[in-house]
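Enquirer: Give me a model of this one.
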Amino acid sequence: MFVMDDAIRYRLLKLLDEQPHWTQRELAKEMGLSLGKMNFCLRALVDVGVVKVNNFKKSSRKAGYLYLLTPQGVEQKAVVTKRFLARKMLEYEILTKEIEELRSEAEK
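Expert: Numbers count the residues shown, from 1 in each chain. A predicted model of the protein is given here:
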């Protein structure tokens, strides 16, 4: 079963904020996800009120939709961004320590 982790949530909220007119197919391609997984992620965000879907033209084409962050979505994007940044900073610190240890070993 697919679970939307903070990395995916962060990237998707960021993309939706920057490119609300992109289709699910474009979003999926940019994020490296299948179209089905992208649909699952968008539905999950819509279901919890983080994203609102607006039809901006009378068309049967899917490209006629906008995926807009709601006020709750903007707030969640900020929270997820902070969590994601904290995780990446920890990963950076661990990697920096590993590099220092490897350099030390290589110098011996």
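Enquirer: where does the chain dip in pLDDT?
Expert: Along the chain, segments meeting pLDDT under 70 span 1, 56-63.
Enquirer: longest helix of it?
Expert: Longest helix in the chain by number of residues (criterion: DSSP state H): helix 71-107.
Enquirer: can you pull the contacts of the residue lying closest to residue 67 once chain neighbours are set aside?
Expert: For residue 67, ignoring the flanking residues on the chain, the nearest one in space by C-beta to C-beta, 6 or more residues apart in numbering is residue 16 at 4.9 Å. In short, each C-beta sits where N, CA and C put it, glycine included. Applying C-beta atoms under 8 Å, 6 or more residues apart in numbering to residue 16 gives the contacts 27, 51, 67, 68, 69, 73.
Enquirer: any idea how far residue 16 is from residue 69?
Expert: Taking C-beta to C-beta, to the nearest Å as the measure, residue 16 falls 6 Å from residue 69.
Enquirer: swap in residue 32?
Expert: 21 Å.
Enquirer: So which of those two has more stuff around it?
Expert: residue 69 (19 against 9; other C-beta atoms under 10 Å).
Enquirer: Now that one. Its backbone dihedrals?
Expert: Note on residue 69: backbone dihedrals following degrees, to the nearest 10 are phi -70, psi 130.
Enquirer: do the same with residue 32
Expert: The phi and psi torsions at residue 32 (degrees, to the nearest 10) take the values phi 70, psi 30.
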